[in-house]
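Asks: Okay, predicted coordinates and the sequence, questions at the end:
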Number of protein chains: 2
Amino acid sequence: MEISDWRKKIDEVDEQIVRLINQRAEAARAIGQLKQKSSLPVYEPQREKAVFEHVRSVNPGPLSSTEVVDIFERIIDVMRALQRTHD
Amino acid sequence: MEISDWRKKIDEVDEQIVRLINQRAEAARAIGQLKQKSSLPVYEPQREKAVFEHVRSVNPGPLSSTEVVDIFERIIDVMRALQRTHD
């Protein structure tokens, strides 16, 4: 495969990632609304820790756990802001 | 649905995201090897710009383009480091 073939593959993968992070955002928004109703805090360090543990545990590689967690830290940051602003 | 149900859904979505970012890493690594063979630079600002354009263009929401690009900036950072270190 040439560079252009791999890039086509990456574009397809990216479309799926975009779809999934939007599904994740829908779920985070729903949780944000439930938290607001129950006066629960947006920031729950225990849950964030559990998310990182989970993604480490299902990581098949070649990315290292640190690389996967680096990406999920950004995903969580964006989702946390979403819970704060869209409720 | 309760918070715990949404979290189950998020965990399932996260498993798919982990799988996809690893597929993306495999492709990025293959491209890194092809670039090395052809003495092409790892950092290609035009290609990175095209990736951001692409993910913006396929974003269905509710995430904003800025939020999607924020996440992909981190993904690209991790992949660029991978092309530098794993060749």
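Replies: All right, it came through fine.
Asks: Low-confidence stretches in chain A?
Replies: Where chain A drops to pLDDT under 70, the residues are A:85-87.
Asks: quick one: buried residues of whichever strand or helix holds residue A:70?
Replies: Element membership for residue A:70 (DSSP states H and E) is helix A:65-85. Neighbour-count burial for helix A:65-85, with 16 or more other C-beta atoms under 10 Å in any protein chain shown as criterion, is recorded at A:67-72, A:74-76, A:78-80, A:82-83. Every C-beta, even on glycine, is put in place using the N, C-alpha and C of the backbone.
Asks: helix or strand for the closest residue to residue A:11 other than its chain neighbours, which one?
Replies: Spatial nearest neighbour of residue A:11, excluding adjacent residues (C-beta to C-beta, 6 or more residues apart in numbering or on different chains): residue B:54 at 5.8 Å. Assessed by DSSP H and E, residue B:54 sits inside helix B:45-57.
Asks: So residue A:31 versus residue B:33, what's the distance?
Replies: 41 Å (C-beta to C-beta, to the nearest Å).
Asks: and what of residue A:30?
Replies: Distance, residue A:30 to residue B:33, using C-beta to C-beta: 42 Å.
Asks: Who has more neighbours out of these two?
Replies: Higher neighbour count among residue A:30 and residue B:33: residue A:30, with 18 against 14, using other C-beta atoms under 10 Å in any protein chain shown.
Asks: List the contacts of the residue in chain A positioned nearest to chain B.
Replies: Minimum separation of chain A from chain B (C-beta to the nearest C-beta) falls at residue A:74, amounting to 3.8 Å. Residue A:74 makes contact with B:70-71, B:73-74, according to C-beta atoms under 8 Å, 6 or more residues apart in numbering or on different chains.
Asks: Closest one of the residues you listed to residue B:4?
Replies: For the contacts of residue A:74, the residue nearest residue B:4 by C-beta to C-beta is residue B:71; the value is 25.0 Å.
Asks: and the helix or strand where residue A:8 lies, what other elements does it pack with?
Replies: Per DSSP H and E: residue A:8 is located in helix A:3-37. For helix A:3-37, the contact count by 3 or more C-beta pairs under 8 Å, 6 or more residues apart in numbering or on different chains; DSSP states H and E identifies helix A:65-85, helix B:3-37, helix B:45-57, helix B:65-85 as packing neighbours.
Asks: quick one: it to chain centroid distance?
Replies: 7 Å (C-alpha atoms, centre = their mean, to the nearest Å).
Asks: Which residue, other than its chain neighbours, is closest to residue A:47?
Replies: Excluding the flanking residues, the one nearest residue A:47 by C-beta to C-beta, 6+ apart is residue B:7, at 7.3 Å.
Asks: no wait, residue A:56
Replies: Residue A:56's closest residue in space is residue A:65 (C-beta to C-beta, 6+ apart), at 4.5 Å.
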